[in-house]
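Asks: Coordinates for the following, if possible.
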Amino acid sequence: MTFREDLHKRSAATHGTVVLAEGWDERIQEAAATIERDSLAQVILLQRSNESDPRVDGVADLLLARRPDKVRDKDHALELAQDPIRLAAGLVALGQASAGVAGSTCPTADVLRAGLLAIGTAEGVKTVSSSFYMILPRTSPYYEVAGGDHDIVLTFTDGAVVPDPSAEQLAEIAFAAAHDRRLVVGDDPTVAFLSYSTKGSAGGPSVDKVLEAVERFRKLAPEIPCDGELQADAALLPAISKKKAPGSPVAGRANVLVFPDLDAGNIAYKLVQRLAGAGAVGPIVQGLRRPMVDLSRGASVSDVVDVAAVALLQAGGAS
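Replies: Predicted structure coming up:
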């Protein structure tokens with residue numbers, strides 16, 4: 001069974017409901033039909049105008065109660081709640097949908113703002129970030145290293161949201177990615193904080209930041225194997241790890257790769273996708289109290305279905 005097949009099977013078992021915010025987009029309409037046809041979830045499909053939607057009033061009350069500093073009064077709340085992106089986030093926050101999907105017709109910033117306004121961050125988390133789940137093609141030589149007969153899926157974080165994370169933010173990004181990997185991929189995370197240096201082979205402010213992030217992460221999640229600073233080959237290849245980082249708890253078996261900044265993460269995922277032919281599921285927003293995920297505006301129908309499946313699995317770990 002491929003990763004995508006397993007992803008869809010496990011998301012269907014959640015018996016959840018996904019709200020798709022941009023129901024006027026033909027790709028979203030087709031994705032909704034696919035999700036329902038394949039029994040992945042029940043679907044709520046929103047439209048551009050939601051004035052007559054009876055759910056708007058409840059979402060307006062939620063927004064007014066949650067953010068009186070941002071929402072002036074009930075009329076303002078009603079105006080905000082009629083926007084399909086905010087309405088979708090509100091339905092997720094109220095538990096009327098398990099997960100929300102938006103972004104096929106709007107920027108990432110709009111989806112994140114709606115999620116933060118209506119849903120808020122998960123307990124103990126201040127940083128909302130993202131991950132890509134990179135599915136390596138069977139032609140990749142890495143299969144000889146990793147072994148097994150299942151798809152190899154690596155988590156790349158962050159590739160879409162936080163431009164220049166601090167050490168504290170980098171630790172939170174890694175923590176959110178490790179948490180969601182258990183839900184989405186179904187295995188145990190092993191976290192590598194990446195750098196141009198391995199164990200003191202070079203120095204500089206970026207290396208110092210990564211080292212501090214590793215220490216912070218160990219306090220957040222002492223049970224999760226992690227190490228850094230590591231170059232990518234030391235993180236992924238046991239033979240290289242033995243030479244460059246002997247005794248590393250990661251030992252060349254990382255499956256969560258934490259990039260030091262957005263430049264590195266975004267460039268890496270696109271290179272692996274376009275040059276190595278890897279599948280890329282994401283960006284998947286992480287760190288919200290309940291899942292509200294973003295789509296690329298160039299997303300295909302299958303991309304929408306995959307992202308919805310991931311969001312449904314994220315919902316299983318929501319507080």
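
Asks: For Q286, what are phi and psi?
Replies: Backbone torsions of Q286, given as degrees, to the nearest 10, read phi -130, psi 150.

Asks: Now for it: which residues touch it?
Replies: With contact taken as CB atoms under 8 Å, 6 or more residues apart in numbering, Q286 is in contact with 128-131, 157, 173, 176-177, 179-180, 314. The way it works is simple: take the backbone N, C-alpha and C, and place the C-beta from them, glycine included.

Asks: Helices - which of these land there?
Replies: Counting by DSSP state H, the part of the contacts of Q286 found in helices is 173, 176-177, 179-180, 314.

Asks: Is it possible to get TSV of those residues that adds neighbour count, distance to A12 and pLDDT?
Replies: Rendered in TSV, the data for the ones in helices among the contacts of Q286 read as follows (neighbours: other CB atoms under 10 Å; distance: CB to CB, whole Å; pLDDT from 0 to 100):
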residue	neighbour count	distance to A12	pLDDT
I173	28	29	96
A176	26	25	93
A177	27	24	95
H179	20	22	92
D180	25	19	94
Q314	25	15	94
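
Asks: circling back: wait, which of the contacts of Q286 is closest to P222?
Replies: Distances from P222 to those, taken as CB to CB, are shortest for H179 (14.2 Å).

Asks: do you know how far the closest one is from Y269?
Replies: Using CB to CB, to the nearest Å, one gets 20 Å for the distance from H179 to Y269.

Asks: what's next to the lowest-mean-pLDDT helix or strand in the chain, contact-wise?
Replies: Using mean pLDDT, DSSP states H and E, the weakest-scoring helix or strand in the chain turns out to be helix 142-146, at a mean of 82. Helix 142-146 is contacted from outside by 136, 152, 236-238, using CB under 8 Å, 6+ apart.

Asks: Over to stretch 26-33?
Replies: Taking CB under 8 Å, 6+ apart as the rule, stretch 26-33 contacts 20, 22-23, 43, 45, 104, 299-301, 304-305, 308.

Asks: try stretch 56-64
Replies: The set of residues that contact stretch 56-64 without belonging to it, under CB under 8 Å, 6+ apart, is 50, 70-71, 73-74, 77-78, 80-82, 86-87, 90-91, 93-94, 117-118.

Asks: So the residue nearest to the spatial centre of the chain: helix, strand or coil?
Replies: Centroid check for the chain by CA atoms, centre = their mean gives I284 as the closest residue, at 2.6 Å. Judged by DSSP: H, G, I helix; E, B strand; the rest coil, the three-state class of I284 is strand.

Asks: for F193, phi and psi?
Replies: Comment: the main-chain dihedrals of F193 come out as phi -90, psi 110, following degrees, to the nearest 10.

Asks: just V305 next, same as before
Replies: Here is the backbone geometry of V305 (degrees, to the nearest 10): phi -60, psi -40.

Asks: what's around it, how many residues?
Replies: 25 (other CB atoms under 10 Å).

Asks: Just the local confidence number for it, please.
Replies: Predicted confidence (pLDDT) at V305: the value is 95.

Asks: mind listing what it touches?
Replies: 8, 31, 34-35, 40 are the contacts of V305 under CB under 8 Å, 6+ apart.

Asks: Run through the helices of the stretch 151-300 of the chain in chain order.
Replies: The residue ranges that make up the helices of the stretch 151-300 of the chain, judged by DSSP state H, counting those that start in this stretch, are 167-184, 205-220, 232-236, 238-244, 262-276.

Asks: still on that earlier bit, select only the buried ones of the contacts of stretch 56-64 in ChimeraX?
Replies: Entered in ChimeraX, the line below selects the buried ones among the contacts of stretch 56-64, by 16 or more other CB atoms under 10 Å:
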select :50,71,77,78,80,81,82,86,87,90,91,93,94,117,118
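
Asks: quick revisit: out of the contacts of stretch 26-33, which are buried?
Replies: 20, 22-23, 43, 45, 104, 299, 301, 304-305, 308.

Asks: Next step: the residues you listed restricted to strands.
Replies: For those, membership in strands holds for 20, 43, 45, with DSSP state E as the criterion.
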